[in-house]
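>>> Got a sequence here, can you model it:
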Amino acid sequence: MARETMNPNERVWAAIRLEKPDRVPVDILATAAFTKTVGGTVADWYSNEDKSWAAIDKVWDYTGGWDMSIIVVAMSTIAWKLALAQSMGTKLKLPGVDLPDDYTEQAVEEEVLKPEDYDTICEIGWDKFMFQDYLFRITDLTPEGVAKALEDQASSAFKALEKWNNRGVMQLVPSLSTLHPFFRFSVGRSMVKFMEDLYYSPEKVEKALKLVTRESIEQWIAHCKMLNQKINFIAEERAEGFFFPLHIFERFWWPYTMEIVDALWSEGIVTWFHLDQCWDKNIPYFKKLPRGSAILALDGTTDIFAAKEVLGGHLCLHGDVPAALLSIGKPEDVEAYCKKLIDEIGADGGFILSSGCEMPTQVKIENWRAMVQTPKNYSPAER
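Just a heads-up that it's a prediction; the model follows:
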């Protein structure tokens, strides 16, 4: 068994700072996997706070607990509607509301953001545009419903923070504007339309990207200061080489990303990149960021072992137990893969063990336990 000499906060920060912790820390990003795993439905997560917290407690007790989580919070349906709309910026279908109870929530890929909206955003900013107009295009909420949802969100978030603080779990609380500006426009315009914009109206896109980047930086710094939090979460899954040639990445994503990281780093804030899809072609660019200024959370599509070869000792890596392995594999298979990650990615520090992207709703609870327990019971020196 790995000897523990650090608390969860110390362990996670040691990894982020590229130091060697007492053992590899474990992070959990999960929503409806909690209710589904213990015999409930996916819909329960979005409709029943009591069932959600009961499920969270059961999973915690069974798995033995983790070091960190991207805040696990149970909320009312109306609060979830607003939170998902704010964070994702697109129409969503929820289980138990728009979908059968055991479906996963679904994003609707369509053109909601119009070409003329770029000019409006440049005039008034994204936040005003969202709450004055765009939010009501992508939800059925009324202004009164938004006010109620905001109240529910705040109440649920403070309740969750208290619960997790009492357990000693380090929390990363994302701003509700989690998307990279590039990703936000891609989702709002739809992927095909945004691709057209990049080629046929590049100056208009660049102008809006500059404005929303500056606005986002201000909001993220204020959010982190309000919570006394030194990590800021940003999601991106459409700028990588899987979708775009590098000249598009270099013009429309990378300069704004460097601006974001530099601004946050100057305030002592580390940028947490949640990077879905395959970033293999883009990984070398991240070596240009200041050492220790960012965390790359990978989803199993990017080759994390190759990323380690490039970024080892420079940036912390996070991931990347595959959803398929957690859903249909056996505990011993999960354990073996976690040991491989610990040996090859985390033996010298700079690594946080987690699922690749969010914990899948079909995860087997015994596999969840295997992922959590492996770093607690294994030392690379045992091999």
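
>>> what residues are up against residue 353?
24-27, 319, 321, 338, 341-342, 346, 371, 374-375 (CB atoms under 8 Å, 6 or more residues apart in numbering). In short, each C-beta sits where N, CA and C put it, glycine included.

>>> quick one: pLDDT of it?
As predicted, residue 353 sits at a pLDDT of 98.

>>> so which strand or helix has it?
For residue 353, the element it lies in under DSSP states H and E is strand 351-355.

>>> Tell me which entries of the contacts of residue 353 lie within helices.
Among the contacts of residue 353, DSSP state H puts 338, 341, 371, 374, 375 in helices.

>>> Please tell me I have it right and the first one contacts residue 321.
Read it as residue 338. Yes: with contact defined as CB atoms under 8 Å, residue 338 reaches residue 321; the gap is 6.5 Å.

>>> between the two, what contacts are shared?
353, 371.

>>> ok, back up a step: quick one: which of the ones in helices among the contacts of residue 353 is nearest residue 201?
residue 341 (42.7 Å; CB to CB).

>>> Let me see the contact set for that closest one.
Counted by CB under 8 Å, 6+ apart, residue 341 has contacts 24, 304, 319, 320, 321, 351, 353.

>>> Got phi/psi on residue 232?
When read as degrees, to the nearest 10, the backbone of residue 232 gives phi -120, psi 130.

>>> quick one: contacts for it?
174, 175, 220, 221, 223, 224, 264, 269, 270, 271, 272.

>>> quick one on the thing from earlier: can you tell me which of the contacts of residue 341 are in strands?
319, 320, 321, 351, 353 (DSSP state E).

>>> measure the residue positioned nearest the centre of the chain to residue 179 for me?
The residue lying closest to the centre of the chain (CA atoms, centre = their mean) is residue 274, at 4.7 Å. Noted for residue 274: a distance of 10 Å to residue 179, by CB to CB, to the nearest Å.

>>> any common contacting residues for those two?
With CB under 8 Å, 6+ apart as the test, residue 274 and residue 179 both reach 234, 235, 236.

>>> top of those residues by neighbour count?
residue 234 (25 neighbours; other CB atoms under 10 Å).

>>> So that residue lies in a strand, does it not?
Yes: the assignment for residue 234 is a strand, going by DSSP: H, G, I helix; E, B strand; the rest coil.

>>> Test my guess that it contacts residue 181.
No: if you go by CB under 8 Å, residue 234 and residue 181 don't touch, sitting 9.6 Å apart.

>>> Show me the strands in the stretch 101-250 of the chain, by range?
Using DSSP state E, counting those that start in this stretch, the strands of the stretch 101-250 of the chain run over residues 106-107, 170-172, 231-236.

>>> Correct me if wrong: residue 38 contacts residue 57.
No: Residue 38 sits out of contact with residue 57 when judged by CB under 8 Å, with a separation of 9.4 Å.

>>> Between those two, point out the one with more neighbours.
It is residue 38, of residue 38 and residue 57, that has more neighbours when counted by other CB under 10 Å, with 17 against 13.

>>> Now for the more buried one: which residues touch it?
So residue 38 contacts 54, 55, 58, 59, 365 (CB under 8 Å, 6+ apart).

>>> got it, and residue 95?
Listed by CB under 8 Å, 6+ apart, the contact set of residue 95 reads 32, 41, 42, 43, 46, 101, 102, 103, 104, 105.

>>> Now it. Its backbone dihedrals?
Torsion angles, degrees, to the nearest 10, at residue 95: phi -60, psi 140.

>>> Across the sheet, point out what pairs with it.
residue 99 (DSSP bridges).

>>> Roughly how far does it sit from residue 110?
Distance from residue 95 to residue 110, by CB to CB: 20 Å.

>>> how about residue 92, what does it touch?
81, 84, 85, 105, 106, 107, 108, 138 are the contacts of residue 92 under CB under 8 Å, 6+ apart.

>>> got the residues you listed as JSON lines, with distance to residue 329, neighbour count and pLDDT columns?
Below are the contacts of residue 92 laid out as JSON lines (distance: CB to CB, whole Å; neighbours: other CB atoms under 10 Å; pLDDT from 0 to 100):
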{"residue": "81", "distance to residue 329": "34", "neighbour count": "22", "pLDDT": "93"}
{"residue": "84", "distance to residue 329": "29", "neighbour count": "21", "pLDDT": "93"}
{"residue": "85", "distance to residue 329": "34", "neighbour count": "23", "pLDDT": "93"}
{"residue": "105", "distance to residue 329": "24", "neighbour count": "22", "pLDDT": "92"}
{"residue": "106", "distance to residue 329": "25", "neighbour count": "13", "pLDDT": "93"}
{"residue": "107", "distance to residue 329": "27", "neighbour count": "13", "pLDDT": "92"}
{"residue": "108", "distance to residue 329": "31", "neighbour count": "12", "pLDDT": "94"}
{"residue": "138", "distance to residue 329": "36", "neighbour count": "23", "pLDDT": "96"}
